[in-house]
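Visitor: pasting the sequence and the predicted coordinates here, then a few questions.
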Amino acid sequence: MRELRIQAVGAQGDGIAEGSFVPLTLPGERITAEMSGNRGELIEVLEASPDRVAPPCPHFGVCGGCAFQHWDLKPYLEWKREQIQFQLAREGLETEVLPTFASPPASRRRVALHARGGKGGARLGFKERRSWNLAKIETCPVTNPKLVAAFPALARLAAPFLEHPKSAPTLHVTLTATGLDIDITGVEAKSGGLSADARVRAAMIAGEHDFARVTMAGEMIYMARQPMVKLGPAIVSLPPGSFLQAVPQAEKAMVDFVVEAAQGASRIVDLFSGVGTFTFPLAQIGGVHAADSSAPAIAALKGAVGAASGLKAITAEARDLTRRPVLSTELNKVDVAVLDPPRAGAFEQHVEIAKSKVARVVGVSCNPATFARDAKLLVDAGFRLERVLPVDQFLWSPHIELVGVFSR
């Protein structure tokens, strides 16, 4: 056991002291920790930070979903802002980084719940910290109460998917305007997948609890209603397992920021568009061409266009933007390029943007490191990074979202 003075909080959320990493600690605290190499587990806080607060969740410390419930909101949000500044500085970039937008508690509309078998039926929850073990969850202050109330029903639904001992199902649950949409992955497939009897039992349970839809890796198990979401003026039918921003309030903050940055444009390209989170609000400004690698997402986007009013022209294509980015010659025809790539960023697409005549770029990112890497390409090509909005979409986690605006 060692006594340590915590100097800072690292990018993964652990306290840092003399090259050692201890979770659940805060800057300035004097603690004791049980060490294994350079990683430790907190034993006791000898001198607490004035920013330490009582965590609101009884599962905190065991559940691996949250890292910062013990940290007062103001310094926690400032830490997220500083993480973006740090990543930009590593690439030699400086700009105005705005105060962090904070998602409220009880706002998550999407969760991934893991299921395991056991006495008394299926156990449902999140993974424990740094472990594959399951932390059974009965409440969650991050998640929408309607989702939390469904946890017992979701545990019942998980049971048929555990018929094979090697199955480790994950329930990807989305709260939509028409009910819960559940896509289940991690079911053992080598044995032939789910038996006919298990499918029937799953469908019966889904019906008893009035779920909107249940799919298994996209394959239909049960559907009472098409899951629907509102994106700007459009009502979109969600494909099974499709991407959707996790928190409506965070989505609105990002959409508002993107739309403000795109004002005055008549031709816009929305890259990595998904089902149209930014496409439909942007189409109230100018014509939009949307592109995404997911053919079902593009089909859903196209399907929603006809019923939405007050929009400029929208075109869309399914296109792998990593292997086949939109070329600079194509981009020369647009005023604003909007990108919302996955965590790996969009290096290849930024190369084409840098070569184009596009005057304004708005980048949405869930990874400050790859955002900064790609931003350097644009800045070297003559763009100026005007401002960045940090977004705390995943409350009390180290995860950071952001929106950056470039112009030249």
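Guide: Yep, that arrived.
Visitor: got the CA positions of stretch 346-357 in CSV?
Guide: Taking Å, rounded to 0.1, in the frame of the first residue of the first chain, the C-alpha atoms of stretch 346-357 are listed here in CSV:
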residue,chain,number,x,y,z
ALA,A,346,-11.9,11.1,-41.2
PHE,A,347,-8.3,11.7,-42.3
GLU,A,348,-8.9,10.7,-46.0
GLN,A,349,-12.0,13.0,-46.3
HIS,A,350,-10.1,15.9,-44.7
VAL,A,351,-7.4,15.5,-47.3
GLU,A,352,-10.0,16.1,-50.0
ILE,A,353,-11.6,19.0,-48.2
ALA,A,354,-8.2,20.6,-47.7
LYS,A,355,-7.6,20.4,-51.5
SER,A,356,-11.1,21.8,-52.3
LYS,A,357,-12.5,25.4,-52.5
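Visitor: what does it rub up against?
Guide: For stretch 346-357, contacts defined as CB atoms under 8 Å, 6 or more residues apart in numbering pick out 271-272, 321-323, 325-329, 331-332, 337, 339, 341, 361, 370, 373-374, 377-378, 380-381, 383. For the C-beta atoms, the positions are set from N, CA and C on the backbone; glycine is no exception.
Visitor: just the buried members of those?
Guide: 271-272, 321-322, 325-326, 331, 337, 339, 341, 361, 370, 373-374, 377-378, 383 (16 or more other CB atoms under 10 Å).
Visitor: how many residues are close by Gly61?
Guide: 18 (other CB atoms under 10 Å).
Visitor: that should have said Thr139, apologies.
Guide: Neighbours of Thr139 using other CB under 10 Å come to 12.
Visitor: thought it was touching Val148?
Guide: Yes. Using CB atoms under 8 Å, Thr139 is in contact with Val148, at 6.1 Å.
Visitor: what about the contacts of stretch 346-357, which are in helices?
Guide: Members of the contacts of stretch 346-357 lying in helices (criterion: DSSP state H): 328-329, 331, 370, 373-374, 377-378, 380.
Visitor: farthest pair within these?
Guide: Farthest-apart pair in the ones in helices among the contacts of stretch 346-357 is Thr329 and Thr370; separation 25.4 Å (CB to CB).
Visitor: quick revisit: now tabulate the ones in helices among the contacts of stretch 346-357 in a markdown table and tack on pLDDT and distance to Val9.
Guide: Output for the ones in helices among the contacts of stretch 346-357, formatted as a markdown table (pLDDT from 0 to 100; distance: CB to CB, whole Å):
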| residue | pLDDT | distance to Val9 |
| --- | --- | --- |
| Ser328 | 97 | 41 |
| Thr329 | 97 | 46 |
| Leu331 | 97 | 39 |
| Thr370 | 98 | 21 |
| Arg373 | 98 | 23 |
| Asp374 | 98 | 25 |
| Leu377 | 97 | 29 |
| Leu378 | 98 | 30 |
| Asp380 | 98 | 31 |
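Visitor: between the residues you listed, which sits nearest Val405?
Guide: Leu378 (10.9 Å).
Visitor: what bits of this structure have low per-residue confidence?
Guide: In the predicted model, the chain carries pLDDT under 70 at residues 189-192.
Visitor: the helices in it, which residues?
Guide: With DSSP H as the criterion, the chain has helices spanning 73-90, 145-149, 151-158, 196-208, 248-261, 279-282, 295-305, 328-331, 347-355, 368-380.
Visitor: and Ser103, how far from Val187?
Guide: 31 Å (CB to CB, to the nearest Å).
Visitor: for Ser294, same thing?
Guide: 22 Å.
Visitor: who has more neighbours, those two?
Guide: Neighbours per residue (other CB under 10 Å) separate Ser294 from Val187, with Val187 holding more: 23 against 19.
Visitor: right, and that one touches Ile221 too?
Guide: No. Using CB under 8 Å, Val187 is not in contact with Ile221, being 10.5 Å away.
Visitor: pull up the overlap in contacts between those two.
Guide: Leu194.
Visitor: how about Leu46, nearest residue that isn't a chain neighbour?
Guide: Excluding the flanking residues, the one nearest Leu46 by CB to CB, 6 or more residues apart in numbering is Arg30, at 4.5 Å.
Visitor: also Ala291?
Guide: Closest residue to Ala291 apart from its sequence neighbours, by CB to CB, 6+ apart: Arg319 at 4.6 Å.
Visitor: list the contacts of that neighbour.
Guide: 291-293, 326.
Visitor: got a winner among the residues you listed for most neighbours?
Guide: Counting neighbours by other CB under 10 Å, Asp292 leads these with 25 neighbours.
Visitor: beta partners of that one?
Guide: Applying DSSP bridges to Asp292 gives these bridge partners: Ala318.
Visitor: shouldn't it be in contact with Gly274?
Guide: Yes. Look at Asp292 against Gly274 with CB under 8 Å: they come within range, at 5.7 Å.
Visitor: shared neighbours of those two, which are they?
Guide: With CB under 8 Å, 6+ apart, Asp292 and Gly274 have common neighbours Leu301.
Visitor: which one is Arg343 nearest to, not counting chain neighbours?
Guide: Arg343 sits nearest to Asn367 (CB to CB, 6+ apart), 4.4 Å away.
Visitor: tell me if I'm right that that neighbour and Gly345 touch.
Guide: Yes. Contact criterion CB under 8 Å: Asn367 and Gly345 qualify, at 6.6 Å.
Visitor: of these two, which one has the most company?
Guide: Between Asn367 and Gly345, Gly345 has the larger neighbour count (other CB under 10 Å), namely 22 against 19.
Visitor: contacting residues for that one?
Guide: With contact taken as CB under 8 Å, 6+ apart, Gly345 is in contact with 365, 367, 370-371, 373-374.
Visitor: again, only using 7 Å
Guide: 367, 370-371, 373-374 (CB atoms under 7 Å, 6 or more residues apart in numbering).
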